[in-house]
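Participant: Need coordinates for the below:
(chains A and B)
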Amino acid sequence: DAGVTQSPTHLIKTRGQQVTLRCSPKSGHDTVSWYQQALGQGPQFIFQYYEEEERQRGNFPDRFSGHQFPNYSSELNVNALLLGDSALYLCASSGEFGYGYTFGSGTRLTVV
Amino acid sequence: DAKTTQPTSMDCAEGRAANLPCNHSTISGNEYVYWYRQIHSQGPQYIIHGLKNNETNEMASLIITEDRKSSTLILPHATLRDTAVYYCIVRVAIGQTGANNLFFGTGTRLTVIP
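Facilitator: This is a model prediction of the structure:
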């Protein structure tokens, strides 16, 4: 049974560009949450998707957007990249009432 | 919006029990205490969770005080592979949608010493 899968594992982008990160949830999970983890910090909640809609959002600007597909997979899009967007981006999936919260290994984004 | 307080770092001798404390004095009656750990920038790994009773699984034990204002994660026989950052998290139910997200603090960096 595959866990949470994220792609790509590493990515280098130039300031001002746009990036799309992808996440496939664990089998049986219908909710996907995204987190940003800067070096030396704990993960910070970006937003959560359920039934193809954004259900809750953390304190992140509109440059951060997402999407959930009918198969529950999800994308995180970041526009107009800043150097400060360099971080490990984590995806977590969960089932009903948030049970079984499971993280992927993350995508390491470097903005130069 | 983390609602927990943990020591920044701790050391533990290999083979000994590691006891990681956490304060969550503002926890609500329906909020759970979760523990995760993160090894070298991998994704956080679930360890254990509890509401008010002590819990034990194959990885660890969770001791929650009677007033639920603090808890302790116990790794009974620490190994070098247990070196990681350990996060104590109070799970918040958001709005009426039943969303349950995890808000992380900075965690405790546990170093297991040979």
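Participant: how far away is the residue nearest the centre of chain A from chain B?
Facilitator: Central residue of chain A (Cα atoms, centre = their mean): A:Trp34, 3.4 Å from the mean position. Computed as Cβ to the nearest Cβ, to the nearest Å, the A:Trp34 to chain B distance reads 10 Å. Backbone N, C-alpha and C define where each C-beta goes, glycine included.
Participant: That residue and A:Leu90 touch, don't they?
Facilitator: Yes: counting by Cβ atoms under 8 Å, A:Leu90 is a contact partner of A:Trp34 at 7.2 Å.
Participant: Local confidence estimate at B:Val33?
Facilitator: For B:Val33, the pLDDT comes out at 90.
Participant: In CSV, could you pull the C-alpha coordinates for the helix or strand harbouring A:Gln48?
Facilitator: A:Gln48 is part of strand A:44-50 when elements are defined by DSSP states H and E. Provided in CSV are the C-alpha atoms of strand A:44-50 (Å, rounded to 0.1, in the frame of the first residue of the first chain):
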residue,chain,number,x,y,z
GLN,A,44,3.7,25.7,8.7
PHE,A,45,0.1,24.9,7.5
ILE,A,46,-0.7,26.4,4.1
PHE,A,47,-4.1,25.0,3.3
GLN,A,48,-6.3,21.9,3.2
TYR,A,49,-8.4,20.4,0.4
TYR,A,50,-11.4,18.2,0.8
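Participant: List of residues touching it?
Facilitator: For strand A:44-50, the external contacting residues (Cβ atoms under 8 Å, 6 or more residues apart in numbering or on different chains) are A:30-38, A:54-60, A:64, A:66-68, A:74, A:76, B:97, B:99, B:101-104.
Participant: chain center to that strand, what's the gap?
Facilitator: Here strand A:44-50 is found 7 Å from its chain centre; the criterion is Cα atoms, centre = their mean, to the nearest Å.
Participant: neighbouring strands for it, and are they parallel or not?
Facilitator: Note on strand A:44-50: by DSSP bridges, its sheet partners are strand A:31-37 (antiparallel), strand A:53-57 (antiparallel).
Participant: so which residue of chain A comes closest to chain B?
Facilitator: Going by Cβ to the nearest Cβ, chain B is nearest to A:Gly98 of chain A, at 2.8 Å.
Participant: gap between the closest residue to A:His10 other than its chain neighbours and B:Ser25?
Facilitator: Excluding the flanking residues, the one nearest A:His10 by Cβ to Cβ, 6 or more residues apart in numbering or on different chains is A:Arg108, at 4.8 Å. According to Cβ to Cβ, to the nearest Å, A:Arg108 stands 35 Å off from B:Ser25.
Participant: cool, A:Gly106 as well?
Facilitator: 31 Å.
Participant: More neighbours: which of these two?
Facilitator: Remark: of A:Gly106 and B:Ser25, A:Gly106 carries more neighbours, 26 against 11, as counted by other Cβ atoms under 10 Å in any protein chain shown.
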